[in-house]
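J.: Any chance you can model this:
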Amino acid sequence: MTKVLVGKMMIMDPGAFGAEVAADLPEDQTSFMAASQRPTSLHAFNTKLPAVAWHDKPSYGIVATEDRILSPDMKRAMYARSKTKVIEVKSSHVPHISQPEIVAQVIRQAAGAR
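T.: Numbers count the residues shown, from 1 in each chain. Here you go, the predicted structure:
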């Protein structure tokens with residue numbers, strides 16, 4: 001993963017964005033995404049939560065099998081630990097953009113499982 005750190009903020013290297021984040025999208029779209037990305041606070045990766053919803057509620061998750069940012073195997077392991085219902089999608093890191101129909105289907109399924 002190619003990232004650029006600025007203080008306590010991180011962005012993906014715009015030059016590597018298409019290949020690493022969204023390899024299944026057209027170049028004009030990934031160029032726009034790279035140019036318009038917002039920095040992410042590194043604090044977000046270290047915040048401890050007082051409670052987690054998956055202890056008490058059904059969980060649904062998507063494994064993007066072609067993800068180069070978050071390891072699909074790592075996601076499978078985390079989802080297994082939390083007893084998450086998993087849907088695998090042949091997608092890059094951004095299935096909500098490259099496979100929106102499948103993501104919407106998962107959201108509808110989760111919303112109906114209260």
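
J.: The lowest-mean-pLDDT helix or strand in the chain pairs with which strands?
T.: Of all helical and strand segments in the chain, the minimum by mean pLDDT, DSSP states H and E falls on strand 3-6, at a mean of 74. Under the criterion DSSP bridges, strand 3-6 sits next to strand 9-12 (antiparallel) in its sheet.

J.: Report the buried residues of the strand it pairs with.
T.: Within strand 9-12, the residues that qualify as buried are 10, 12, counting by 16 or more other C-beta atoms under 10 Å. For glycine as for every other residue, the C-beta is placed from the backbone atoms N, C-alpha and C.

J.: List the contacts of the residue positioned nearest the centre of the chain.
T.: In the chain, the residue lying closest to the centroid (C-alpha atoms, centre = their mean) is His93, at 5.3 Å. Taking C-beta atoms under 8 Å, 6 or more residues apart in numbering, we find His93 in contact with 20-22, 64, 67-70.

J.: when you check the residues you listed against the strands, which ones overlap?
T.: Here DSSP state E is the test, and these give Ala64 as lying in strands.

J.: Please pick the buried ones from the contacts of His93.
T.: The neighbour-count test (16+ other C-beta under 10 Å) marks 20-22, 64, 67-68 as buried among these.
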